[in-house]
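Student: With the sequence up front, the predicted model follows.
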Amino acid sequence: MSFRNYSYKDVVMLMAAKTILESMKSNLGELSMARTNWTEAYVTALILKIDTAIEDFLGLDKKQPLRDATDLINQIRVPALRDLGFVKTQIEVDFNHEAAEILKTLGLTKDIHKINQEGLIELLYSFKKGMTDELKTVITGKGTNPALIDAITGYATQLQQANLAQEGMKTSTQEVTQEAVDTFNSIYNEVIGIGKIASKMYKDEPLKKDQFTFSKVVKKMGTASKKADEPVAQ
């Protein structure tokens, strides 16, 4: 019998690990001060390792996460489109000839009210990726409320959680091999180590610390409950 270093479902462990790595990527400027090998290439390689493990060993339908996001999309579609419209209009007014380039960076080049469900997901991802701290400072410096921008990136985060961790993610009923378990354990151990160090760095910032605490991430995902004998990771 293959022994796992964790007691979550395999898919839940992998999704939580990927979520932690996304948080790591967002805070890499600070975290890289702790370890020289914590680079963007390092994080990207780990995320790729997880994606490959999901595809090779769990048979995850790549399109399933988008379908599973339907309910969440329906809940946030109206406020998301409203807020995107507010920001787009303010950029057009505030930046005149420079507006087109900014809107392109944020993915706001189409009529947002004509995009479909998957298009909205992609747009929110593009907005979050393009909205760097520097660009946010420039835009809010003209008068746009930063809370409006935070709300939009918040929608993207909600969808990210849905795409990564929705209970409805369907995996094929393949027998998990020893190679798969070894890969899963390797991923878990690596991410747990990252979490321990990051949690120490953010010991005085509870909200950030929670982003690197495996059990807290799983709980926030709202998927499967952990077992009583779950190993204490942090």
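Tutor: All right, it came through fine.
Student: and the residue nearest to Phe57 when sequence neighbours are not counted, what does it touch?
Tutor: Distances taken as Cβ to Cβ, 6 or more residues apart in numbering put Ala180 closest to Phe57, at 3.8 Å, once the chain neighbours are dropped. All C-beta spots, glycine's among them, are computed from the backbone N, C-alpha and C. Listed by Cβ atoms under 8 Å, 6 or more residues apart in numbering, the contact set of Ala180 reads 10, 53, 56-57.
Student: Please indicate which of those residues are buried?
Tutor: Among these, those classed as buried by 16 or more other Cβ atoms under 10 Å are 10, 53, 57.
Student: Nearest spatial neighbour of the first one, chain-adjacent residues omitted?
Tutor: The shortest distance from Asp10 to any residue other than its chain neighbours is 5.8 Å, reached at Phe184 (Cβ to Cβ, 6+ apart).
Student: so where does Met33 fall, helix or strand?
Tutor: Following DSSP states H and E, there is no helix or strand that holds Met33.
Student: who's in contact with it?
Tutor: By Cβ under 8 Å, 6+ apart, Met33 has no neighbours at all.
Student: For it, grab phi and psi.
Tutor: When read as degrees, to the nearest 10, the backbone of Met33 gives phi -70, psi -20.
Student: quick one, what contacts Gln90?
Tutor: By Cβ under 8 Å, 6+ apart, the contact set of Gln90 is 139, 142-144.
Student: And it, how far from Glu122?
Tutor: Distance, Gln90 to Glu122, by Cβ to Cβ, to the nearest Å: 22 Å.
Student: which is the next helix or strand following the worst-scoring helix or strand of the chain on mean pLDDT?
Tutor: One helix or strand of the chain scores below all others by mean pLDDT, DSSP states H and E: helix 64-68, with a mean of 51. As assigned by DSSP H and E, the chain's next helix or strand after helix 64-68 is helix 70-95.
Student: before we move on, the earlier item: hang on, the residue nearest to Asp10 packs against Tyr8?
Tutor: No: at 10.1 Å, Phe184 does not count as touching Tyr8 under the criterion of Cβ atoms under 8 Å.
Student: picking that back up, need the pLDDT of the residue nearest to Asp10.
Tutor: pLDDT, Phe184: 94.
Student: element containing the residue nearest to Phe57?
Tutor: helix 178-201.
Student: how much distance is there from that helix to the middle of the chain?
Tutor: In terms of Cα atoms, centre = their mean, to the nearest Å, the centre of helix 178-201 is found 17 Å from the chain centre.
Student: Buried residues in whatever helix or strand comes next after it, which are they?
Tutor: Using DSSP H and E, the helix or strand that follows helix 178-201 in sequence is helix 206-210. Neighbour-count burial for helix 206-210 flags 208-210 (criterion: 16+ other Cβ under 10 Å).
Student: Out of these, which comes closest to Lys104?
Tutor: Relative to Lys104, the closest of the buried residues of helix 206-210 is Lys208; by Cβ to Cβ it sits at 31.0 Å.
Student: so how far is Leu31 from the residue lying closest to that closest one once chain neighbours are set aside?
Tutor: Closest residue to Lys208 apart from its sequence neighbours, by Cβ to Cβ, 6+ apart: Tyr202 at 4.1 Å. Tyr202 is 9 Å from Leu31, where distance means Cβ to Cβ.
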